[in-house]
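1. Build me a structure from this.
(2 chains)
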Amino acid sequence: MGARVRIPTPLRRFTGGAEEVSADGVTIAAVVDNLEQRHPGLKERLCDEAGKVRRFVNIFVNGDDIRFLNNLETTIKDGDEVSIVPAIAGG
Amino acid sequence: MDEAVGYAPRPGVRNGKVLVVGVGGLGCPAALALARAGVGTIGLIDPDVVELSNLQRQILYAVPDLGRPKVHAAREKLLRINPALSVMSHQERLGAENLSVLFQDYDFIIDGTDGIATKFLINDGAVLMRKPFSYAGAVQFQGQTLTVLPRISSCLRCWFPVPPAEDEVPTCQESGVIGSLVGSMGLIQATEAVKYLSGDGELLTDRLLTYDALTSRWREIRVRRSRQCPLCGESPTMANFHSVGRTQETVCSRGDAEM
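-> Residues are numbered from 1 along each chain as shown, chains lettered A, B, ... in the order given. Below is the predicted model:
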């Protein structure tokens, strides 16, 4: 199962500059682990040591926040769009 | 020509009062657009003076303004555009202690600040005082913006119940930003304020608009009002606004500054 994952600009140095990458997995947790295999260093930016999504990062599946779905256990279908959206403070 | 976009501002706009918190990369273009749109009263809050590193994106200032308080330099420029405006300048830092007094006279707040703690303070104060506001943030090549109608649409805490620590989220001053990108976000904020005052159209509520300047793509992400929101949910736990604490966690900002 493959998801399309949208990478925000501050994290693109882990994906060789790619805005969108593919990752396999039937849940968000599995997708994140697969992202880490393909793009080492990315998981640490998304999750804390306990494996929870960091509090300045939100993950959306097809435009819905996973906190309103099933968090990291949210199931992923082939072709789903996963967006990583960090809090942005600058101005 | 439709009077909404004609030469004379509509009464709602002419009588409107908009507060711009932070007259920097977002606040400068926002204030300029408000002045040219004929918003009758514009408030400016910023404790800082103009520095050389600001000129790359803070479009109200020029070299002769270096060292001047931003709110004074900005007020002068806005009045040059439209001497009939009432421009209030407050050379102070927004904090929990002065927020109520500063917000109370305004219809709409524009968050033009460069720091996550102040953004959450504005969110909390605006929701508790029921003041609509526009959030925006921009760093490097990425911008995002959302309009909040308190207790009607989602607020920042619906989205981030516990705000990130100040040092978890990079600022423009630390990480840099494309000046025109932050300018684009500030202009959208002014558009939201003018629409709110005139009653035109549909506000940018419950939709986070993101702009990726590297690929020139605008996207929308649905952000829902959360029943569990500590501020505007069914059983709110926050009755007061306060400053946001810091933690030792640093991730997003680490090493990204050289991008």
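2. Which helix or which strand is home to B:Cys105?
-> Not Cys; residue B:105 is Asp. Assessed by DSSP states H and E, B:Asp105 sits outside every helix and strand.
3. Just give me the neighbour total for residue 37.
-> All of this is about chain A. Counted by other CB atoms under 10 Å in any protein chain shown, the residues lying close to A:Gln37 total 11. The C-beta positions use only the backbone N, C-alpha and C, and glycine is treated the same way.
4. The chain in question should be chain B.
-> Other residues near B:Ala37 number 21, with proximity taken as other CB under 10 Å.
5. Next, give phi and psi for it.
-> Taking degrees, to the nearest 10, you get phi -80, psi -10 for the backbone angles of B:Ala37.
6. Can you list the neighbours in contact with stretch A:62-78?
-> With contacts defined as CB atoms under 8 Å, 6 or more residues apart in numbering or on different chains, stretch A:62-78 is touched by A:1-3, A:25-32, A:51-53, A:58-61, A:80-83, B:159, B:220-224, B:226.
7. got the buried residues for that stretch?
-> When neighbours are counted by 16 or more other CB atoms under 10 Å in any protein chain shown, the buried residues of stretch A:62-78 are found to be A:64-69, A:72, A:74, A:76.
8. On the strand side of things, show who A:Ser83 bridges to.
-> A:Arg6, A:Phe60 (DSSP bridges).
9. Can you pull the poorly scored residue ranges out of the stretch 151-259 of chain B?
-> Of all residues in the stretch 151-259 of chain B, those with pLDDT under 70 make up the ranges B:243-259.
10. And for chain A?
-> Per-residue confidence of chain A (counting by pLDDT under 70) places the weak regions at A:1.
11. got a list of what the nearest residue to B:Thr205 once chain neighbours are set aside touches?
-> Counting by CB to CB, 6 or more residues apart in numbering or on different chains, the nearest residue to B:Thr205 once its immediate chain neighbours are dropped is B:Ser153, at 3.5 Å. Shown here is B:Ser153, whose contacts under the criterion CB under 8 Å, 6+ apart are B:147, B:203, B:205-206, B:225.
12. Okay, and which of these map to strands?
-> The strands in this structure, assigned by DSSP state E, contain B:Thr147 from those.
13. which two of the contacts of B:Ser153 lie the greatest distance from each other?
-> Farthest-apart pair in the contacts of B:Ser153 is B:Leu203 and B:Arg225; separation 14.2 Å (CB to CB).
14. In terms of packing, which of those two has more residues around it?
-> In terms of neighbours (other CB under 10 Å), B:Leu203 is the more surrounded of B:Leu203 and B:Arg225; the figures are 20 against 16.
15. Now do the contacts for A:Thr15.
-> Residues touching A:Thr15, when contacts are defined by CB under 8 Å, 6+ apart, comprise A:7, A:21, A:39, A:42.
16. For the stretch 151-259 of chain B, list the residues in contact with chain A, please.
-> Taking CB under 8 Å from any CB of the partner chain as the measure of proximity, the stretch 151-259 of chain B contacts chain A at B:159-160, B:162-164, B:168-173, B:175, B:177, B:182, B:185-186, B:208, B:210, B:212-215, B:217, B:219-224, B:226, B:249, B:251-252, B:256, B:259.
17. From those, list just the buried residues.
-> Among these, the ones that count as buried by 16+ other CB under 10 Å are B:159-160, B:163-164, B:168-173, B:175, B:177, B:182, B:185-186, B:208, B:210, B:212-213, B:221, B:223, B:226, B:251-252, B:256.
18. Tell me which of those residues fall in strands.
-> With strands taken from DSSP E, the overlap with those comprises B:208, B:210, B:212, B:221.
19. Is A:Asp24 bridged to anything, and to what?
-> The residues that A:Asp24 bridges to, once DSSP bridges is applied, are A:Gly2.
20. distance of it from chain B?
-> Taking CB to the nearest CB, to the nearest Å as the measure, A:Asp24 and chain B are separated by 23 Å.
21. so that residue sits right up against A:Gly2, yeah?
-> Yes. Counting by CB atoms under 8 Å, A:Asp24 touches A:Gly2, with 5.4 Å between them.
22. Give me the distance between the two termini of stretch B:124-144.
-> One end of stretch B:124-144 sits 19 Å from the other (CA to CA, to the nearest Å).
23. and if you look at stretch B:94-104?
-> 13 Å.
24. Same check on stretch A:13-30?
-> Using CA to CA, the end-to-end distance of stretch A:13-30 comes to 22 Å.
25. Thanks again, I'm all set now.
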